[in-house]
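Asker: after the sequence you'll find the predicted model.
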Amino acid sequence: MGQEQSRPSSPAAGASATRSAGVAVLGGAVISLTLLEKIMDGVPIPFVKGSAGAALEVIKLLQSMYDNKVDCADLLQQSTSLIVVILGSFDGKQEDQIPDHLRHAVERLTTTFHDVMRELRKVERRGNRHVVGVAYTTDNAKKLKGCAAKLDWAIQEFQVTIKVDSCLKDLERHEQLKAEIQKGHAETVDAVGKSKVEILDAIAQVKEPSTTPNLNLPTSVMPPEPTIFGREAFIEQAIELFLNNNSARIVILGPGGIGKTSTALKIIHDKRIQARFDKSCIWISCDQATSIPLLVELIAQGLKPPSSKSSDRFQEVIAALESLTQRVVLLLDNLETPWDIEGQQSNVAQILARLAAVDCVSLMVTIRGSQYPAPDSVQWSQPPLAPLAPLEIDAGKDAFLRIAPNSADDPELIPLLKELDC
């Protein structure tokens, strides 16, 4: 034990099969080493090439060792696997594309290879001195197994880091998709805002009407027809209510942002509605109606009733509507603003009732929530329309691709739409 003897010329009895298998693995690794060296010549990232180079040095040292070849074969296989993982993870990338956390992971791998190299050289020096015996053999085996454990841990840590990096990239793409949706929504809101400005400009340019109690109902006050998806059945049901009732009374319900305004405008722009009402459709946006007088004034500005000596602005509106000989659609959009004013629901209900009582007026209201407004004051058309529901996935996808057409094949699109409840 501990004495120096000449190196044995053949494996110990009873271990020949295992040692032969080790030699076969080592022999196979020589071929892999040649291929890996050629691949490394084309690696453009210095710190990646350096880490793979450290692994190659470990492999070369393992090939030169005679004893403990089974353990050496395991180490060689681990080192080769790490080189493949390293090179594969950065294939096609340039140095400036590598985030810091991956750079640090590669640096830790390089440190591990250097640690393993030091341990292997200790084992190699004993072999060069022809030291044999149970104590040295056992100690060498422990060192080699310790090296194997370090490399195994390095492989697992690096693979986890790569997975985390992939998740971070998926999250970034997820956020980019959200940003595209929000940008599209902002553009829609901006378009509606511009439409409001155009409406106010058009109103300002309208000449003072004559004293004849008649209304000029220009289609220019109406926002343009929107493109919507997945509301076909709902729109058809609403149009049927308009066509089957001389004076329709329709409510579009649903949560904020579900598409109530777009759906109402799509209905109003339908050719059948335009033909039935001879293009006499008026859109009143109520989102600025933070008081009852403001609501009345917004309706009056939309209708532009003839001037009179009456001090009752709303009575002027009703008088002008009652003088009409043609049918008209009056759309009160975003009625939740005045409806939600504390203590004012009864006053809003009275306004709705007065408007609905005019025979030539077909009234349509959009309002947040799931309850019809003023159910005791207005006899709403039957059957009632159900509140708008979130879009089906296919319709949501079509709507999203209109905003971001290059995302059609993105694997994160459907999960994102499901998260957004489209």
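Answerer: All right, it came through fine.
Asker: helix, strand or coil for L363?
Answerer: Using DSSP: H, G, I helix; E, B strand; the rest coil, the three-state assignment for L363 comes out as strand.
Asker: and E180, by the same measure?
Answerer: The local conformation at E180, judged by three-state DSSP, is helix.
Asker: now do the strands in the protein.
Answerer: Counting by DSSP state E, the chain has these strands, from start to end: 249-254, 281-285, 328-333, 361-368.
Asker: mean pLDDT for the ones you listed: which is lowest?
Answerer: In terms of mean pLDDT, the lowest-scoring of the strands of the chain is strand 281-285 (a mean of 91).
Asker: sheet-wise, list the partners of it with their directions.
Answerer: Paired with strand 281-285 in the same sheet, following DSSP bridges, are strand 328-333 (parallel).
Asker: list the contacts of the partner strand.
Answerer: The list of residues contacting strand 328-333 from outside it, by C-beta atoms under 8 Å, 6 or more residues apart in numbering, reads 215, 217, 242, 260-261, 264, 268, 273, 277, 280-287, 299, 321, 352, 355, 360-366. All C-beta spots, glycine's among them, are computed from the backbone N, C-alpha and C.
Asker: figure out how far it is from the centre of its chain.
Answerer: Going by C-alpha atoms, centre = their mean, to the nearest Å, the spacing between the C-alpha centre of strand 328-333 and its chain's C-alpha centre is 35 Å.
Asker: can you dump the C-alpha atoms of it in PDB for me?
Answerer: Included here for strand 328-333 are C-alpha records, laid out as PDB according to Å, rounded to 0.1, in the frame of the first residue of the first chain:
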ATOM      1  CA  VAL A 328     -84.800  59.000 -37.100                       C
ATOM      2  CA  VAL A 329     -82.400  56.900 -35.100                       C
ATOM      3  CA  LEU A 330     -81.100  58.600 -32.000                       C
ATOM      4  CA  LEU A 331     -78.100  56.800 -30.500                       C
ATOM      5  CA  LEU A 332     -77.100  57.800 -26.900                       C
ATOM      6  CA  ASP A 333     -73.600  56.400 -26.500                       C
END
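Asker: buried residues, it. List them.
Answerer: Judged by neighbour count (16 or more other C-beta atoms under 10 Å), strand 328-333 contains these buried residues: 328-333.
Asker: touching, T263 and F234? I think so.
Answerer: Yes: under the criterion of C-beta atoms under 8 Å, T263 makes contact with F234 at 6.6 Å.
Asker: find residues that contact each of these two.
Answerer: Joint contacts of T263 and F234 (C-beta under 8 Å, 6+ apart) are L388.
Asker: could I get the buried residues of strand 328-333 as a markdown table with distance to L151?
Answerer: Formatted as a markdown table, the entries for these read as follows, by distance: C-beta to C-beta, whole Å:
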| residue | distance to L151 |
| --- | --- |
| V328 | 81 |
| V329 | 76 |
| L330 | 77 |
| L331 | 72 |
| L332 | 73 |
| D333 | 67 |
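Asker: now, among those, which is nearest to E57?
Answerer: If you rank the buried residues of strand 328-333 by distance to E57 using C-beta to C-beta, D333 comes first, at 73.6 Å.
Asker: is it possible to get a markdown table of the strands of the chain that adds distance to Q78?
Answerer: As requested, the strands of the chain are arranged in a markdown table below (distance: least, C-beta to C-beta, whole Å):
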| stretch | distance to Q78 |
| --- | --- |
| strand 249-254 | 60 |
| strand 281-285 | 69 |
| strand 328-333 | 68 |
| strand 361-368 | 62 |
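Asker: for G42, which of those strands is the nearest?
Answerer: Closest to G42 of these is strand 249-254 (C-beta to C-beta; 58.3 Å).
Asker: just name whatever secondary elements the closest one is in contact with.
Answerer: Based on contacts counted as 3 or more C-beta pairs under 8 Å, 6 or more residues apart in numbering; DSSP states H and E, the elements that strand 249-254 packs against are helix 232-244, helix 260-269, strand 361-368.
Asker: what mean pLDDT does the first one get?
Answerer: What that stands for is helix 232-244. Helix 232-244 shows a mean pLDDT of 95.
Asker: do stretch 84-100 as well
Answerer: The model assigns stretch 84-100 a mean pLDDT of 78.
Asker: ok, now stretch 296-307?
Answerer: Predicted confidence along stretch 296-307 averages 81 (mean pLDDT).
Asker: that stretch: which residues count as buried?
Answerer: Going by neighbour count (16+ other C-beta under 10 Å), the buried part of stretch 296-307 is 296-300, 302-306.
Asker: and what of stretch 144-160?
Answerer: In stretch 144-160, counting by 16+ other C-beta under 10 Å, buried: 144, 147-148, 150-151, 154-155, 158.
Asker: and those residues, which is closest to Q97?
Answerer: When those are compared against Q97 (criterion: C-beta to C-beta), the nearest one is F158, at 17.8 Å.
Asker: show me the contacts for the closest one.
Answerer: Taking C-beta under 8 Å, 6+ apart as the contact definition, F158 lies against 82, 85-86, 89, 105-106, 108-109.
Asker: which of those fall within helices?
Answerer: Counted as lying in helices by DSSP state H, out of these, are 82, 85-86, 89, 105-106, 108-109.
Asker: now the helices for the protein?
Answerer: Counting by DSSP H, residue ranges of the helices within the chain are 16-40, 46-64, 69-89, 100-128, 134-205, 232-244, 260-269, 271-276, 292-303, 313-322, 336-339, 345-356, 393-403, 413-419.
Asker: average pLDDT for the second one, rounded please.
Answerer: If you average the pLDDT over helix 46-64, you get 79.
Asker: what's the closest non-adjacent residue to P384?
Answerer: Excluding its sequence neighbours, the residue lying closest to P384 (C-beta to C-beta, 6 or more residues apart in numbering) is Y372, at 6.9 Å.
Asker: how many neighbours does the one you found have?
Answerer: For Y372, the tally of surrounding residues (other C-beta atoms under 10 Å) stands at 15.
Asker: for it, what are its contacts?
Answerer: With contacts taken as C-beta under 8 Å, 6+ apart, Y372 has the following neighbours: 251, 253, 380, 384.
Asker: now do stretch 160-178: everything it contacts.
Answerer: Defining contact as C-beta under 8 Å, 6+ apart, one finds that stretch 160-178 is touched by 85, 89, 99, 101-102, 105, 404, 407, 410, 412-413, 416.
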